[in-house]
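Novice: Predicted coordinates and the sequence they were generated for:
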Amino acid sequence: MPDVISQNMPFLLQGLVTTLRIAALTAIGGTLLGLAVGVAVQLRLPFVAGLLRVYIEFVRGTPLLVMLFICYFALPALMGLHVTAEQATVLGFVLFIAAYIAEDVRSGLRSIGSGLVRAALATGLTRLQSLRLIIVPLALRRIIPALFNQYVRLLKFTSVASVIGVQEFTGSAMLVNARVFAPVSILIFVALTYLILCLLLSSVGRVLHAYLAA
Amino acid sequence: MSKPIIILEDVSKSYGAVPVLRGCSTAVSRGEVVVVCGPSGSGKSTLLQCINGLEPYQSGSILVEGVEVGAKKTDLPRLRTRIGMVFQHFELYPHMTALENVVLAQVHALRRSRKEAEARGRRLLDRVGLASKADTRPGKLSGGQQQRIAIARALALDPQAMLLDEPTSALDPEMITEVLDVLIELADEGMTMMVVTHEMGFARRVADRVIFMDQGEIIEDSPTKTFFSAPVSQRAKLFLSKILSH
């Protein structure tokens, strides 16, 4: 390992921890929000479903960076509260990825035949129970590959947070580079680290899907 | 045979302008086995699904144990626990084991304890000859085995009647018998059943009555013997000649 890397390892690791923290929080928050939005839209909840569709289309038609700026500059100004760069990042990413996850959840829900719903209702389960006990768990199992694809995207997106001053992995690496100027070794190290993490994440998804697939 | 458990009076239903049920009336008494047959698209499945409120109907009345199925205030989930239903394509929950399939509604609809539900589930799986498959998922089972588990799932709620919608139509020929045997046993024990089926041997053997439907109408509703020996309508005669000749 080049000296520039090993000498700056503690600092780089700190950045990596921040990256992983943001990715994990966002994955959890985005999945929960995406699940709620996807179910609400698919059930065509009156009034709410329409609003949520607007949200989904808004996010899908807006660059991630703009979303991040909105959460860091615009929202605090509008609502008069102070947020840290990392809080704004998590909020922006959750809102961003949840819109995509909601679409995945919807396609998962659509893939479940009406026969299964009828069977569940016929055993005396309520609509809510059949949704909670059968339809949603089954839909989630089916979209595990799509979900992990979103998590992989998310992990890479975290590098964008360096733009608003979050010292995540890429940002830390670029700070090191500004001091020692060794872009080749530093960027190769950064890229390989992301690559390894993404490959790991994908294989977790594959194993989970194989294990849970019905 | 006592008073009817299911009563249909002048039930009609349509999808938009297309009528699917026209003025259907019949009654099923406790312990009675009624086979419903007729050409495809004649409304047999719809009729069955109306009885436990899976399909709405526009006019007429359906009473199950004296409760009007179509009434707004009817507690449908509760009513449905009183009637077991079995579907053509089994519709087992694919992400659950056979036992979990049989346990789920007992715990969540009837509020039985998990322990009690599992004990009952295992007894029922044993009864349909699948005790050894309790921990297997439906995807690893044959059609006949899946349908027997679906029957166990319906029986687990201690239903007062069973509705079976073409329970053997999706099965390979060699698996039909194993499912029919379970149904024959049920009938012999006095279970009230309405069975949509084209298995006329089964009908002759266990049915008390046969209902023949065509184009949404109940054309004949006769004791089994009468239906096979002297069907009244031309349409029933034609239908019988078609399915019995092969």
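Specialist: Alright, I've got the coordinates.

Novice: Find the residue at the geometric middle of chain A.
Specialist: Chain A has A:Ala27 as the residue nearest its centroid, 4.0 Å off, counting by CA atoms, centre = their mean.

Novice: quick check: longest helix of the chain.
Specialist: No chain was given, so I picked chain A. helix A:9-42 (DSSP state H).

Novice: other chain: chain B
Specialist: Under DSSP H, chain B gives helix B:173-188 as its longest helix.

Novice: what pLDDT, on average, does stretch A:78-91 get?
Specialist: Averaged across stretch A:78-91, pLDDT comes to 92.

Novice: same check, this time on stretch A:21-33
Specialist: Stretch A:21-33 shows a mean pLDDT of 97.

Novice: thinking again about what came up before, please identify the buried residues of the longest helix of chain A?
Specialist: A:12, A:15-16, A:18-19, A:22-23, A:25-27, A:29-31, A:33-35, A:37-42 (16 or more other CB atoms under 10 Å in any protein chain shown). For every residue, glycine as well, the C-beta is placed using N, CA and C.

Novice: Which neighbouring elements make contact with that helix?
Specialist: For helix A:9-42, the packing partners by 3 or more CB pairs under 8 Å, 6 or more residues apart in numbering or on different chains; DSSP states H and E come out as helix A:48-60, helix A:85-110, helix A:136-142, helix A:144-157, helix A:169-180.

Novice: in the longest helix of chain B, what's buried?
Specialist: Within helix B:173-188, the residues scored as buried using 16+ other CB under 10 Å are B:175-176, B:178-180, B:182-183, B:186-187.

Novice: Adding distance to A:Met79 and pLDDT as columns, could you present those in CSV?
Specialist: Putting the buried residues of helix B:173-188 into CSV (distance: CB to CB, whole Å; pLDDT from 0 to 100) gives the following:
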residue, distance to A:Met79, pLDDT
B:Met175, 64, 92
B:Ile176, 67, 94
B:Glu178, 66, 94
B:Val179, 63, 95
B:Leu180, 68, 95
B:Val182, 64, 95
B:Leu183, 65, 96
B:Leu186, 64, 95
B:Ala187, 68, 95
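
Novice: Greatest separation within these: which pair is it?
Specialist: B:Met175 and B:Ala187 (19.1 Å; CB to CB).

Novice: Now do the strands for chain B: every range, in order, please.
Specialist: B:4-15, B:18-29, B:33-37, B:59-64, B:67-68, B:83-86, B:161-165, B:192-196, B:209-214, B:217-223 (DSSP state E).

Novice: Which among the ones you listed is found nearest to chain A?
Specialist: Distance to chain A, taken as CB to the nearest CB, is lowest for strand B:83-86 among the strands of chain B, at 4.0 Å.

Novice: What is the burial count for A:Gly80?
Specialist: Neighbourhood size, A:Gly80 [other CB atoms under 10 Å in any protein chain shown]: 6.

Novice: Please report how far it lies from B:Ala152.
Specialist: When distance is defined by CB to CB, to the nearest Å, A:Gly80 is 61 Å away from B:Ala152.

Novice: got it, and A:Ala40?
Specialist: 35 Å.

Novice: for B:Leu141, same thing?
Specialist: To B:Ala152, B:Leu141 is 12 Å away according to CB to CB.

Novice: quick one, which of the two is more surrounded?
Specialist: Neighbours were counted for B:Leu141 and for B:Ala152 using other CB under 10 Å; B:Ala152 has more, 26 against 18.

Novice: for A:Ser111, phi and psi?
Specialist: Backbone torsions for A:Ser111, taken as degrees, to the nearest 10, come to phi -70, psi -10.

Novice: which residues does A:Phe169 contact?
Specialist: By CB atoms under 8 Å, 6 or more residues apart in numbering or on different chains, the contact list for A:Phe169 reads A:12, A:15-16, A:18-19, A:158-159, A:190, A:193-194.

Novice: run the last query once more with 7 Å
Specialist: A:15-16, A:19, A:190, A:193 (CB atoms under 7 Å, 6 or more residues apart in numbering or on different chains).

Novice: relative to helix A:144-157, how tilted is the longest helix of chain A?
Specialist: Relative orientation of helix A:9-42 and helix A:144-157, computed by axes from the mean of the first three to the mean of the last three CA atoms, to 10 degrees: 140 degrees.

Novice: Give me every residue in chain B lying close to chain A.
Specialist: B:52, B:54, B:77-78, B:80-81, B:85, B:87, B:89, B:91, B:93-95, B:104-105, B:108-109, B:137, B:139, B:153, B:157 (CB under 7 Å from any CB of the partner chain).

Novice: so where is the chain shaky, pLDDT-wise?
Specialist: Went with chain A since none was named. A:214 (pLDDT under 70).

Novice: try again with chain B
Specialist: The model of chain B has pLDDT under 70 over residues B:1-2, B:245-246.

Novice: run the last query once more with 80
Specialist: B:1-3, B:244-246 (pLDDT under 80).

Novice: just to revisit the earlier point, and the longest helix of chain B, what does it pack against?
Specialist: helix B:143-155, helix B:200-206 (3 or more CB pairs under 7 Å, 6 or more residues apart in numbering or on different chains; DSSP states H and E).

Novice: Deepest-packed of the ones you listed, please.
Specialist: Among the helices and strands packed on helix B:173-188, ranked by average contacts under mean count of other CB atoms under 10 Å in any protein chain shown, first place goes to helix B:143-155 (a mean of 25).

Novice: ok now it, how far from the chain's centre?
Specialist: 12 Å (CA atoms, centre = their mean, to the nearest Å).

Novice: Can you tell me what sits against that helix?
Specialist: Contacts of helix B:143-155 (CB under 7 Å, 6+ apart): A:123, B:84-87, B:90-92, B:98, B:101-102, B:124-125, B:128-130, B:133, B:138, B:162, B:167, B:170-172, B:175, B:178-179, B:182.

Novice: let's go with 8 Å and repeat that
Specialist: Defining contact as CB under 8 Å, 6+ apart, one finds that helix B:143-155 is touched by A:119, A:122-123, B:84-87, B:90-92, B:98, B:101-102, B:105, B:121, B:124-125, B:127-130, B:133, B:138, B:141, B:162, B:167-168, B:170-172, B:175-176, B:178-179, B:182-183, B:186.

Novice: from those, which would you call buried?
Specialist: A:119, A:122-123, B:84-87, B:90-92, B:98, B:101-102, B:105, B:121, B:124-125, B:127-128, B:130, B:133, B:138, B:141, B:162, B:167-168, B:171, B:175-176, B:178-179, B:182-183, B:186.

Novice: okay, now B:Lys225: neighbour count?
Specialist: B:Lys225: 13 neighbours (other CB under 10 Å).

Novice: and it, how far is that from B:Met193?
Specialist: Counting by CB to CB, the gap from B:Lys225 to B:Met193 is 18 Å.

Novice: Next: B:Ser142.
Specialist: For B:Ser142 relative to B:Met193 (CB to CB), the value is 23 Å.

Novice: Quick check: buried residues in stretch B:216-224?
Specialist: Those would be B:216-222, B:224, for stretch B:216-224 by 16+ other CB under 10 Å.

Novice: Next: stretch B:10-22.
Specialist: Buried residues in stretch B:10-22, defined by neighbour count with 16+ other CB under 10 Å: B:11-13, B:19-22.
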